[in-house]
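Student: Using only what follows, build the 3D model:
(3 chains)
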Amino acid sequence: MDLGPIDLDITLDCGQAFRWRKSGDVWTGVVKGEIVRLAKRGKAVDVETELSSREIGSYFRIDDDLEDIGRQLDRDSIVRELRERFAGLRLLRQDPWECSASFLLATNANVPRIKKMIESVCVRFGHEVADGLYSFPMPEDITAKEDAAEKCGLGYRCNRFSDFARKGSEGRLDFESWKTMPYEECVKELVRFDGIGDKVADCIALFCLDHLEAFPIDVHIGRTLEERYGVTGSYRNVSRWARERFGRYAGYAQEYLYLSARPRI
DNA sequence: AACCAGGTCTCGA
DNA sequence: TCGAGACCTGGT
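Tutor: Model (predicted):
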């Protein structure tokens, strides 16, 4: 399948999605409850899945105008350089429920631990779609097992996670409307939930709600912006600065900067 | 063994 | 609106 220019290693292991695993040269993941196996074959990608090519295309955002994105990002010389260094990075359009619940857990913990917490949740609440491979549970799967979340090693995130799942099962997570409304309003809605602050709201807006101007600022990005651009201040001020500097695709710029700033794993 | 991690919450100024 | 402290737990 032709997904356009894409580097699977960078795209699937850059911190936007936590559940893709590589074995040999094959990436395996679960999308919409279905197994997806990917391998690079020349310029194309070998895709093995029950999902339609339309669904796969949506997940990999093949509808994005990469030329326009490149033009916008290259106005900044630092990002232009990173775009060459990390050529083939693509943002994903993830499932809103899985993405938001995952980033709810991704607070004040390093990536290995975040992956472990999410995996634990999948094993305990999800469905085994293949040997040892589990789907991310739906809200109902989580609310159905009272107190089971306490055994997932989530720490103080446990109650937030359970509450968020309950909201989901009650149909009170209106992702479609958050996609439609402007970025600022979307974030304003998201931060009302316990456990979702400025940064997590931006991650959700960017990685699953199509708000490409969202610019999540974690500790690494914060340091990078200070070192390379001399920018400091409150989250909202720095965030505004970033959106003005990098434009309507600021989220892509953020991901390049994150790749260069994160500790080597 | 400390320090830190893709932060958020609460509270006081 | 902003900054300071506390905070589960595990990785390095």
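Student: and the lengthiest strand in chain A, what's its mean pLDDT?
Tutor: Secondary structure assigned by DSSP state E gives strand A:34-41 as the longest strand of chain A. For strand A:34-41, the mean pLDDT works out to 97.
Student: got the contact list for the top helix by length along chain A?
Tutor: If you go by DSSP state H, chain A has its longest helix at helix A:111-125. Outside of helix A:111-125, the residues that reach it under the criterion C-beta atoms under 8 Å, 6 or more residues apart in numbering are A:15, A:18-19, A:102, A:105-106, A:109, A:134-137, A:141-142, A:145, A:148-149, A:151-154, A:157, A:161, A:262, A:265. Placement of C-beta: from N, CA and C, glycine included.
Student: Show me those residues that map onto strands.
Tutor: With strands identified by DSSP E, the entries of the contacts of helix A:111-125 that belong to them are residue A:134.
Student: Would you mind checking the contacts of helix A:111-125 for buried ones?
Tutor: Among those, those that count as buried by neighbour count (16 or more other C-beta atoms under 10 Å) are A:15, A:18-19, A:102, A:105-106, A:134-137, A:141-142, A:149, A:152, A:154, A:157, A:161, A:262.
Student: one step back: output those of the contacts of helix A:111-125 also counted as contacts of DNA strand C.
Tutor: Filtering those for proximity to DNA strand C by C-beta under 7 Å from any atom of the strand leaves A:109, A:153, A:154, A:157, A:265.
Student: Return only those of the residues you listed found close to DNA strand B.
Tutor: Counting by C-beta under 7 Å from any atom of the strand, residue A:109 from those sit close to DNA strand B.
Student: could the ones next to DNA strand C among the contacts of helix A:111-125 go into JSON lines alongside pLDDT?
Tutor: Written out in JSON lines, the entries for these read as follows (pLDDT from 0 to 100):
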{"residue": "A:109", "pLDDT": "97"}
{"residue": "A:153", "pLDDT": "97"}
{"residue": "A:154", "pLDDT": "98"}
{"residue": "A:157", "pLDDT": "98"}
{"residue": "A:265", "pLDDT": "59"}
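Student: Of the ones next to DNA strand C among the contacts of helix A:111-125, just say which sits nearest to residue A:9.
Tutor: Using C-beta to C-beta, the shortest approach to residue A:9 within those belongs to residue A:265, at 11.9 Å.
Student: Just give the closest residue to the closest residue to DNA strand B within the stretch 151-265 of chain A, not the sequence neighbours.
Tutor: Minimum separation of the stretch 151-265 of chain A from DNA strand B (C-beta to the nearest atom of the strand) falls at residue A:197, amounting to 2.5 Å. Distance criterion C-beta to C-beta, 6 or more residues apart in numbering; nearest residue to residue A:197, sequence neighbours excluded, is residue A:191 at 6.1 Å.
Student: was I right about that neighbour contacting residue A:198?
Tutor: Yes - counting by C-beta atoms under 8 Å, residue A:191 sits close enough to residue A:198 to count as a contact (6.6 Å).
Student: What residue in the stretch 1-150 of chain A comes nearest to DNA strand B?
Tutor: Taking C-beta to the nearest atom of the strand, DNA strand B has its nearest neighbour within the stretch 1-150 of chain A at residue A:15, 2.5 Å off.
Student: so who does that residue touch?
Tutor: Taking C-beta under 8 Å, 6+ apart, one finds A:111, A:255, A:258, A:262 in contact with residue A:15.
Student: Let's have those residues in TSV, adding pLDDT.
Tutor: As requested, those are arranged in TSV below (pLDDT from 0 to 100):
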residue	pLDDT
A:111	97
A:255	98
A:258	98
A:262	89
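Student: which parts of the stretch 151-265 of chain A sit against DNA strand C?
Tutor: A:153, A:154, A:155, A:156, A:157, A:233, A:234, A:236, A:237, A:265.
Student: no no, the stretch 1-150 of chain A
Tutor: Proximity of the stretch 1-150 of chain A to DNA strand C is confined to A:108, A:109, A:110, A:112, A:113, A:116 under the rule C-beta under 7 Å from any atom of the strand.
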